[in-house]
Each structure stands twice: as structure tokens, then as C-alpha cells.
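# The following comprises the amino acid sequence and a computationally predicted model.
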Amino acid sequence: MLLEIDSLMSGYGKKNVLGGVSLNIGDGEIVAVLGHNGAGKSTLMGTAFGIIPTSSGRVMFNGADLTRQRADKRLQAGLGYCPQGAPVFSTMTVEENLLMGSYAIKADEGWRHRMERALKIFPRLDERRTQRAGSLSGGERQMLALAMLFVAGPRLLMLDEPSGGLSPAMVDNTYSAIKEIASQLGAAIMLVEQDVQQALRVADRVYVMANGLIKFEGHPDQLRKPKNFELLIGL
């Protein structure tokens, strides 16, 4: 397995949000994590990437124990994280943002090639190379955040609500780009998404969370079976 999370507990201050979560993701696999607001999905992703401290449990990536590693070390190991809201450097140009995407992995000379490939995947960004990121539309900022992740060249793309705030047409374009990025990198995807139907369309496997725990794991089609339908309509 590429990513193995075992009995993970974490939270904020003295309050645990995750109550002992275990999941795994294989090479090239697309895994969706679904659940209602407050279920712990974003906390799980932030803990896996190292920006939220682990109380107990373990995070293994590509055979290495990263549980106590800083987020920058996890990025260098091949974890890539795009948080909710597509954060970019608003006062920098599009091109400068893409260069920032390469910052942590400059020992890997392939970043130059990936930067040019990113601009081919997102031609609108190529047209706006010298434009400040803060002046881009919401959809264009989402493109830029994904392009920055592509430049870093991770083996696992961790995406938190990539469709948030986008029009239906832009959601389709974004998911097409995500699949192309993953294909070109040979990367797996861990996806947290409120657009349940979109997630079920693209995922190889699904986990459903509630109250900081995993309540279901299986193939997307299994959620549509009568015995699991309550989980689906509760999302």
C-alpha cells in the first residue's frame, strides 16, 4: 500500500476529532472520503499531511513511518496537499506561484518540465502567467492550486473539496484536469468531496466518516445498495 493510516487520533487542543481512523490507499488508486460537515474528513487529511498533530496512531507512506515528520518532510516524501479554498499567493503572479510549487523539491530537476506541462493542462493559466493570482476568478485560482501541486510532483494528491464554489461546468473541467494530473504523475488521489455524485463517479473505493470514525469502506456501487442507502442519503 502507498498510504496506510492506522488507528489515527488527532484534534485541536484537548479535543480529539478523530477517534481512531484506519484506511489505506494503493498506488494509482482514487479513494474518496465522504461524510457530513464535522465528520472529521478535513481533520483526517490535515493530520495525514502533518499540519495537525497526531495524538496516537500511525501514518505510513511508501513504507516509511511519517507520523512524527513535519509537513515539509511529508511533501518531500511524495505527499501533496491542496486544502479547501484553493489557497494561492495572491500578491504573486501565476508564474511565481508555480515556482513556489517547486520550492520544496528543487533537487528534482523534473519540476521545470512539470511546470510547462501544467500550463498545457491549464491553458488559461498560460494566458495569465504575468497576472497576479489575487485577480483570478475562483475557478482560475482552483486551477492554479492544482497546477502548483502538479509542479511539486507528488505520488499522492490529497484534495480537500476541489469542487467547492465552482459552477457545474467548472467542476467537470476541474475533475478532468485532476484525472489528467494523476495520470501524468502516476499518482494516487485521496479525495474529500461534498459533491457526492461526482466523487462516486471517479472513485475506485469510498470511505464514509461520521463523528470521527470510519462507518463504511467499499466500492462506490455498494453505497447504492438498500442496506447502505441510509449512509448515502445522510451525506
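Received it, and whenever you're ready, just let me know what you need.
# if I look at the residue nearest to G138 when sequence neighbours are not counted, how far off is G80?
Excluding the flanking residues, the one nearest G138 by C-beta to C-beta, 6 or more residues apart in numbering is G165, at 5.3 Å. Where C-beta positions appear, they are placed from N, C-alpha and C, glycine not excepted. Note on G165: its distance to G80, by C-beta to C-beta, to the nearest Å, is 21 Å.
# okay, those two: which has more neighbours?
More neighbours surround G80 than the other of G165 and G80, with 28 against 14 (other C-beta atoms under 10 Å).
# Packing partners of the host helix or strand of the more buried one?
Using DSSP states H and E, G80 sits in strand 79-82. If you count contacts as 3 or more C-beta pairs under 8 Å, 6 or more residues apart in numbering; DSSP states H and E, strand 79-82 packs onto helix 41-49, helix 138-152, strand 156-160.
# again, 10 Å this time
Helices and strands touching strand 79-82, by 3 or more C-beta pairs under 10 Å, 6 or more residues apart in numbering; DSSP states H and E, are helix 41-49, helix 71-77, helix 138-152, strand 156-160, helix 168-185, strand 188-192.
# Next, the buried residues of the third one.
Spelled out, it's helix 138-152. Residues 139-152 are the ones in helix 138-152 that count as buried (16 or more other C-beta atoms under 10 Å).
# Please state the mean pLDDT value computed over the strand holding G80.
In this model, strand 79-82 has an average pLDDT of 94.
# What pairs with it, parallel or antiparallel?
Each strand paired with strand 79-82, and its direction, by DSSP bridges: strand 156-160 (parallel).
# Kindly export the partner strand (C-alpha atoms) in PDB.
Output of strand 156-160 as PDB, limited to C-alpha atoms (Å, rounded to 0.1, in the frame of the first residue of the first chain):
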ATOM      1  CA  LEU A 156      -0.300  11.000  -3.700                       C
ATOM      2  CA  LEU A 157      -2.600  14.000  -4.400                       C
ATOM      3  CA  MET A 158      -4.600  14.900  -1.200                       C
ATOM      4  CA  LEU A 159      -7.500  17.100  -2.400                       C
ATOM      5  CA  ASP A 160     -10.000  18.800   0.100                       C
END
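# what's the angle from that strand to helix 138-152?
Angle, strand 156-160 to helix 138-152, by axes from the mean of the first three to the mean of the last three C-alpha atoms, to 10 degrees: 160 degrees.
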